[in-house]
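In: okay, here's the prediction I keep looking at, along with the sequence it came from:
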Amino acid sequence: MSTSRLLVSFVILLLVSAVVTTIDCGYQSSKTGSLQPASGAGGVDFAGMDRSVKPGDDFFAYANGAWVKATGIPPDRSSYGLDAKLAEEANLHTRALLEEAAKSTAPAGSDERKVGDYYAAYMDEAAIEANGLKVLRSQLAQVAAVSNRQALAASIARTLRTDVDPLNNTDFHTHHLFGVWVAQDFNQPARNLPYLLQGGLGMPDRKYYLDESPRMAEIRAKYKTHIATLLKLARISTAKADGIFDLEAKIAKVHSSREDSEDVQKANNPWKREDFAAKAPGLDWGAFFKAAGLEGQSTLIVWQPSAIIGEASLVGSEPLETWKDYLSYQILDDASSLLPSAFVQEWFAFYGKVLSGTPQLRERWKRAVDSCNLALGEAVGQLYVQHYFPPGSKAKVEAMVADLTQAFGKRIDNLPWMSPETKAKAKEKLATLKVGVGYPENWRSYTGLEITRDNPLLNSFTAKLYEYRRNLAKLGQPVDRSEWWMTPQTVNAVNLPIQNALNFPAAILQPPYFDPKADAANNYGAIGAVIGHEISHSFDDQGSQFDAAGRLANWWTPADLSHFKEASSRLVAQYNAYHPFRDLAVNGQQTLGENIADVAGLAAAYDAYRLSLGGKQAPILQGLTGDQQFFISFAQSWREKFREPLLRQLIVTDGHAPSEYRADTVRNIDAWYDAFHVVPGQALYLAPGDRVRLW
């Protein structure tokens with residue numbers, strides 16, 4: 001799961017088009033505010049199936065066909081599915097908490113006061129209109145004052161934020177020229193290091209600038225118009241728009257591809273700080289590191305060296321005035337969603353309508369919740385957990401994690417192709433896996449973060465800078481394997497390869513994924529497959545390159561590694577054959593890690609489910625056996641619909657296959673064939689020798 005479950009990685013979509021579905025998950029609020037599963041909340045959605053479809057021909061349609069036909073995508077959404085229905089419910093609960101905090105008389109400086117003030121400021125549209133561009137004036141003036149390349153380097157450095165996560169969430173996109181990720185060292189896991197990544201593009205990926213197809217050419221034309229419109233709104237000459245776009249196009253040409261960026265072996269490039277000037281000339285690295293607060297770092301890991309070299313060269317070769325125009329535009333574009341209405345509408349017109357196909361801007365309170373979650377996520381998370389995550393759910397999910405871990409261990413023991421040496425290393429990694437359920441062991445502190453009640457844009461800037469400095473403060477400190485990278489109110493799950501850890505936030509541990517009252521078939525087919533998926537990420541094409549300590553190291557024998565790569569290549573070919581559009585196919589290599597985790601995770605979840613029955617037979621419901629319910633629950637967990645622009649964007653930029661093809665993971669599981677009597681000649685049938693078996 002991206003290591004994340006949600007498909008959307010382009011961060012702007014958090015505010016533009018949070019996804020949602022029409023499934024009624026059946027929550028009832030108790031008087032204490034805790035969520036209680038309603039009667040029948042968990043289990044197979046029989047009404048959402050289309051039993052006229054043969055499971056072996058189209059399993060997604062069989063499990064979800066009636067739901068697909070009956071469900072429309074709301075006008076403020078670019079997609080609609082199960083995960084986002086739960087996310088919407090989590091947002092509703094979070095909204096109630098934020099509104100209550102905004103009304104409270106909590107002490108100044110307390111987390112509750114900060115959360116309430118942040119939300120209240122975001123909702124004060126009158127103040128936003130009155131402030132205009134006031135908050136941006138100092139930043140724009142600072143850029144205008146740049147008079148030489150040294151000052152330019154410092155100005156670029158001041159835009160740095162820890163807004164990328166190339167490993168835990170495979171999020172490579174930052175519109176700043178560079179991105180920073182602070183995490184434990186690939187090579188010395190006991191210490192943290194800064195990782196430097198490529199950036200600088202306003203559109204999601206280099207392909208949007210370089211692809212010559214008519215569709216991409218049309219998007220480029222609209223992006224140029226967007227740049228000019230934003231400049232006009234800020235009373236800056238629109239003549240600068242062409243130069244800004246042309247510079248971005250040059251940056252795109254030196255960017256590494258998504259496929260190369262996901263290759264951690266290519267990312268492991270430790271550079272000494274003093275070597276940057278010789279390796280990547282053009283940028284005044286001394287001035288850059290000083291302004292970025294990184295002058296004390298002896299070593300940085302450069303994730304995409306060719307891109308960093310190319311971008312540094314452009315800093316030295318492109319006209320100074322063009323760079324100043326570009327940086328000024330970046331300031332405006334980054335702030336647009338929190339500027340007066342005309343800026344918000346323009347921002348949405350491109351990022352919402354053009355890139356994602358979303359017809360309507362989301363309500364302000366929804367955007368306010370998202371923004372508050374980004375700025376003060378764990379402060380909000382503490383409130384959320386107190387009200388909406390009962391201790392009993394945590395205990396039961398932890399028991400399921402133990403079952404899945406045991407099942408995965410048995411699968412390792414039974415692998416006929418893996419040598420004893422590699423099995424021992426794999427079991428060591430499994431035994432040291434650190435699993436967090438619901439919420440972090442240690443809550444993040446927001447001491448020193450100042451939030452005002454009347455300036456949302458300043459609050460957003462301050463929170464991002466605070467988060468950047470919080471991450472820099474980890475440098476030189478012991479690695480914390482218990483650190484969480486998601487908030488409890490997030491409907492998602494994640495594997496953290498270099499921490500050898502998993503996070504399962506509270507918000508995903510709800511019906512229909514998990515219901516303590518539901519049958520084992522439903523819980524193991526839904527949340528069980530999620531748990532198995534995340535465990536499996538420790539052993540996918542990327543996770544398998546890290547040992548138990550999180551060190552980037554090869555722990556496979558050559559023969560074992562060869563077998564694993566051969567099996568993986570067959571999975572690549574399987575997904576390459578899926579064509580959501582005539583002119584665009586799924587990229588099997590780009591989505592390989594997620595596809596491996598889907599196959600291995602589902603297999604482990606099925607084993608754990610059968611073990612949970614203790615040799616007994618599961619009850620038959622509406623003519624469906626327990627095994628059938630297990631696989632249907634899995635397929636229903638992937639029900640989702642997309643608007644075409646967003647789906648095309650995700651196929652280009654995301655590490656996940658579209659949901660309907662993830663449901664087709666079942667075609668690699670022998671038990672699915674037995675459960676549904678799938679036979680040769682049906683569309684999804686694979687001969688036993690063609691089914692991919694990895695773990």
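Out: That came through, no problem. Numbers count the residues shown, from 1 in each chain.

In: quick one: pLDDT of residue 22?
Out: We have a pLDDT of 27 for residue 22.

In: how close does residue 672 get to residue 412?
Out: Counting by Cβ to Cβ, to the nearest Å, the gap between residue 672 and residue 412 amounts to 22 Å. C-beta here means a position set from N, CA and C on the backbone, and glycine is covered the same way.

In: now residue 326
Out: With Cβ to Cβ as the criterion, residue 326 and residue 412 are 51 Å apart.

In: more neighbours, those two?
Out: Counted by other Cβ atoms under 10 Å, residue 326 and residue 412 do not tie: residue 326 has more neighbours, with 24 against 18.

In: check whether that one sits in a helix, strand or coil.
Out: When classified by DSSP: H, G, I helix; E, B strand; the rest coil, residue 326 comes out as helix.

In: residue 181 too?
Out: Here residue 181 is recorded as strand under three-state DSSP.

In: who's in contact with the closest residue to residue 645 other than its chain neighbours?
Out: Closest residue in space to residue 645, ignoring its immediate chain neighbours: residue 357 at 3.5 Å, by Cβ to Cβ, 6 or more residues apart in numbering. Applying Cβ atoms under 8 Å, 6 or more residues apart in numbering to residue 357 gives the contacts 78, 643-646.

In: ok, and the most crowded of the residues you listed?
Out: Neighbour counts for the contacts of residue 357 (other Cβ under 10 Å) peak at residue 78, which has 28 neighbours.

In: is it true that that one touches residue 646?
Out: Yes - Residue 78 is in contact with residue 646 according to Cβ atoms under 8 Å; the separation is 4.1 Å.

In: hey, where'd the strands end up in the chain?
Out: 27-29, 35-37, 79-81, 178-184, 192-198, 270-272, 299-302, 434-438, 494-496, 501-505, 640-642 (DSSP state E).

In: give the buried residues for stretch 262-273.
Out: Neighbour-count burial for stretch 262-273 flags 262, 264, 267-271, 273 (criterion: 16 or more other Cβ atoms under 10 Å).

In: cool, and stretch 405-424?
Out: 405, 407-409, 411-412, 415, 418, 422-423.

In: so which of the buried residues of stretch 262-273 comes closest to residue 337?
Out: Using Cβ to Cβ, residue 262 comes nearest to residue 337 of the buried residues of stretch 262-273, at 28.6 Å.

In: check the gap between the closest one and residue 593 for me.
Out: Residue 262 is 7 Å from residue 593, by Cβ to Cβ.

In: what do the two both touch?
Out: Contacts common to residue 262 and residue 593, judged by Cβ under 8 Å, 6+ apart, are 542, 655.

In: where are the low-confidence patches of this structure?
Out: Applying pLDDT under 70 to the chain flags the ranges 1-42.

In: what about the longest helix in it?
Out: Assignment by DSSP state H gives helix 364-388 as the longest helix of the chain.

In: now for that one, which elements pack on it?
Out: helix 13-16, helix 82-103, helix 111-123, helix 456-472 (3 or more Cβ pairs under 8 Å, 6 or more residues apart in numbering; DSSP states H and E).

In: out of the ones you listed, which is closest to residue 167?
Out: Counting by Cβ to Cβ, residue 167 lies closest to helix 456-472 out of those; the figure is 14.3 Å.

In: what residues of that closest one count as buried?
Out: 456-464, 466-468, 470-472.

In: again with stretch 71-87
Out: 71, 73-74, 76-87.

In: now do stretch 657-674
Out: Quick answer for stretch 657-674 (16+ other Cβ under 10 Å): 657-669, 671-673.

In: in PDB, list the C-alpha atoms belonging to that stretch.
Out: This file holds the C-alpha atoms of stretch 657-674, laid out as PDB (Å, rounded to 0.1, in the frame of the first residue of the first chain):
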ATOM      1  CA  ALA A 657      -2.700  -0.500 -10.300                       C
ATOM      2  CA  PRO A 658      -6.300   0.600 -10.700                       C
ATOM      3  CA  SER A 659      -8.600  -0.900  -8.100                       C
ATOM      4  CA  GLU A 660     -10.500  -3.300 -10.500                       C
ATOM      5  CA  TYR A 661      -7.200  -5.000 -11.400                       C
ATOM      6  CA  ARG A 662      -6.100  -5.300  -7.800                       C
ATOM      7  CA  ALA A 663      -9.300  -7.200  -7.200                       C
ATOM      8  CA  ASP A 664      -8.100  -9.600 -10.000                       C
ATOM      9  CA  THR A 665      -5.200 -10.600  -7.700                       C
ATOM     10  CA  VAL A 666      -7.400 -13.700  -6.900                       C
ATOM     11  CA  ARG A 667      -6.500 -15.300 -10.200                       C
ATOM     12  CA  ASN A 668      -3.100 -16.100  -8.700                       C
ATOM     13  CA  ILE A 669      -4.600 -18.000  -5.700                       C
ATOM     14  CA  ASP A 670      -5.400 -21.700  -6.100                       C
ATOM     15  CA  ALA A 671      -8.200 -21.600  -3.500                       C
ATOM     16  CA  TRP A 672     -10.100 -19.000  -5.600                       C
ATOM     17  CA  TYR A 673     -10.400 -21.400  -8.500                       C
ATOM     18  CA  ASP A 674     -11.800 -24.100  -6.200                       C
END
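
In: what's that stretch in contact with?
Out: By Cβ under 8 Å, 6+ apart, the list of residues contacting stretch 657-674 reads 7, 59-60, 63-64, 81, 575, 578, 580, 586, 591, 594-595, 598-599, 602-603, 606, 627, 631, 634-635, 638-640, 642, 647, 650-651, 656, 678, 684-686, 688, 691-693.

In: from these, which would you call buried?
Out: Buried members of these, scored by 16+ other Cβ under 10 Å, are 7, 59-60, 63-64, 81, 575, 578, 580, 586, 591, 594-595, 598-599, 602-603, 606, 627, 631, 634-635, 638-640, 642, 647, 650-651, 656, 678, 684, 691-693.

In: from those residues, which ones fall inside helices?
Out: Among those, the subset assigned to helices under DSSP H consists of 59-60, 63-64, 575, 594-595, 598-599, 602-603, 606, 627, 631, 634-635, 647, 650-651.

In: tell me the contacts of the closest residue to residue 489 other than its chain neighbours?
Out: Counting by Cβ to Cβ, 6+ apart, residue 384 is the residue found nearest to residue 489 once chain neighbours are left out, at 4.4 Å. Listed by Cβ under 8 Å, 6+ apart, the contact set of residue 384 reads 90, 93-94, 97, 488-489, 506-507.

In: make JSON lines out of those and add distance to residue 243 and neighbour count.
Out: Below are the contacts of residue 384 laid out as JSON lines (distance: Cβ to Cβ, whole Å; neighbours: other Cβ atoms under 10 Å):
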{"residue": "90", "distance to residue 243": "43", "neighbour count": "26"}
{"residue": "93", "distance to residue 243": "47", "neighbour count": "21"}
{"residue": "94", "distance to residue 243": "42", "neighbour count": "28"}
{"residue": "97", "distance to residue 243": "46", "neighbour count": "25"}
{"residue": "488", "distance to residue 243": "45", "neighbour count": "28"}
{"residue": "489", "distance to residue 243": "42", "neighbour count": "26"}
{"residue": "506", "distance to residue 243": "48", "neighbour count": "25"}
{"residue": "507", "distance to residue 243": "44", "neighbour count": "28"}
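
In: list just the nearest of these to residue 43.
Out: Of all these, residue 507 has the smallest distance to residue 43: 19.8 Å, by Cβ to Cβ.

In: thought the closest one was touching residue 486?
Out: No - contact criterion Cβ under 8 Å: residue 507 and residue 486 do not qualify, at 9.3 Å.

In: re earlier: which ones among the buried residues of stretch 657-674 lie within helices?
Out: 659-663, 671-673.

In: between these, which sits nearest residue 556?
Out: residue 662 (26.5 Å).
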